[in-house]
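Engineer: Turn this into a structure:
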Amino acid sequence: MAFDTSPPSPSGVIDCADLMVRARRLGLSSRIEPGPDGQSVRLLGPAGAIVVGDDPSLPLLDLAEIGHGSDAVSLPDPSDVSAARLLSYLGTEATVLAFPSAGRHGPIDSVVPTAGSERKRAGGQQWTKHVVQVSQGRLWLTWLQSQVPAGVDVVSMLSGKTGLTLCQDQCSDSAIVSEYMTDLGWPYLAFPNVSLWQVEKTGNSIALWAASTPASVTALLLASLIQLDTPGQSPDENLAAAISDMRPA
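Structural biologist: Predicted structure coming up:
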């Protein structure tokens, strides 16, 4: 029996029709549409267009760079959203291990490491990313290792940040995260926040485990449309507005 061990395509999470419904509900003039090549989407706003594709050599879509950076960017997958969001608050260089959601991949006990690593960048942050396919995973899990000053309280630094849910005191392992986020009112396996469920700090070294879903990419795209409409607002405000719109009534 053969199994498809290629990582899930991040472009599979884009639902242009759903995003346009949300954009209209928020009164936005910006819109999203499929690109002519079938491998990208275009974010169209008053100030111009941004092409979002899957070219790994391009910087990732980043709210803070809209209107200031490239008009051609790469779509992050949920693990990239986790890494970029954590590092935007930590402000450090990092090594990242990404464990994509299994979907229909492989038998329960299979682990499929990919060859080599990738350099990722979003805004002013950069990291080295390695991907391991773990077939039983329901969430996109991200392990991030970095260095911070010895006296820094990482949990306090990240507490209350937009787009982050800290649940390290409630979730001892990843199997509990999805249920915990459902208890907070999010649809099962479709929460837009990055959930930080483990924090380990030894001296200057930190190791973080985060969980995310494709809804985090949807939230980033919706926030990007808001950013195109309201460039005067902060990226955090626009991300918060996108996440609020995605919360079930």
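Engineer: Check what contacts the helix or strand hosting residue 179 and list those residues.
Structural biologist: In this structure, residue 179 sits in helix 174-183 according to DSSP states H and E. Applying CB atoms under 8 Å, 6 or more residues apart in numbering, the contact partners of helix 174-183 are 137-139, 141, 165, 167, 170-171, 188-189, 191, 193, 195, 197, 209, 211. For the C-beta atoms, the positions are set from N, CA and C on the backbone; glycine is no exception.
Engineer: Of these, which qualify as buried by neighbour count?
Structural biologist: 137-139, 141, 165, 167, 171, 191, 193, 195, 197, 209, 211 (16 or more other CB atoms under 10 Å).
Engineer: For residue 34, state which of these is nearest.
Structural biologist: residue 191 (25.7 Å; CB to CB).
Engineer: pLDDT score for the closest one?
Structural biologist: Note on residue 191: pLDDT of 95.
Engineer: Okay, it and residue 180: tell me how far apart.
Structural biologist: 9 Å (CB to CB, to the nearest Å).
Engineer: how many neighbours does residue 232 have?
Structural biologist: Neighbours of residue 232 under the rule other CB atoms under 10 Å: 6.
Engineer: Just the CA atoms of stretch 65-80, as PDB, please.
Structural biologist: C-alpha atoms of stretch 65-80 as PDB (Å, rounded to 0.1, in the frame of the first residue of the first chain):
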ATOM      1  CA  GLU A  65       5.100  44.700   5.700                       C
ATOM      2  CA  ILE A  66       1.900  45.400   3.700                       C
ATOM      3  CA  GLY A  67       2.300  48.700   1.900                       C
ATOM      4  CA  HIS A  68       6.100  48.700   2.800                       C
ATOM      5  CA  GLY A  69       7.500  45.500   1.500                       C
ATOM      6  CA  SER A  70       7.200  43.300  -1.600                       C
ATOM      7  CA  ASP A  71       4.100  43.000  -3.800                       C
ATOM      8  CA  ALA A  72       4.900  39.300  -4.300                       C
ATOM      9  CA  VAL A  73       5.000  37.100  -1.200                       C
ATOM     10  CA  SER A  74       4.700  33.500  -0.100                       C
ATOM     11  CA  LEU A  75       1.800  32.000   1.700                       C
ATOM     12  CA  PRO A  76       2.700  30.800   5.200                       C
ATOM     13  CA  ASP A  77       1.500  27.400   6.300                       C
ATOM     14  CA  PRO A  78       0.100  27.200   9.900                       C
ATOM     15  CA  SER A  79       3.500  26.300  11.400                       C
ATOM     16  CA  ASP A  80       5.000  29.400   9.700                       C
END
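Engineer: Show me where the protein has its helices.
Structural biologist: 16-25, 78-90, 154-158, 174-183, 214-229, 235-246 (DSSP state H).
Engineer: give me the low-pLDDT residue ranges for the protein?
Structural biologist: Of all residues in the chain, those with pLDDT under 70 make up the ranges 1-13, 102-115, 135-136.
Engineer: Leaving out chain neighbours, which residue sits closest to the residue nearest the centre of the chain?
Structural biologist: With distances taken as CA atoms, centre = their mean, residue 81 lies nearest the centre of the chain, 2.0 Å away. Using CB to CB, 6 or more residues apart in numbering and skipping residues adjacent in sequence, the residue nearest residue 81 is residue 216, 4.4 Å away.
Engineer: ok, the one you found - contacts?
Structural biologist: Contacts of residue 216 by CB under 8 Å, 6+ apart are 78, 81, 82, 163, 191, 192, 193, 194.
Engineer: Put together TSV for those residues, with distance to residue 29 on each row.
Structural biologist: Output for the contacts of residue 216, formatted as TSV (distance: CB to CB, whole Å):
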residue	distance to residue 29
78	28
81	25
82	30
163	24
191	28
192	23
193	27
194	29
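Engineer: quick check, nearest of the residues you listed to residue 28?
Structural biologist: residue 192 (17.4 Å).
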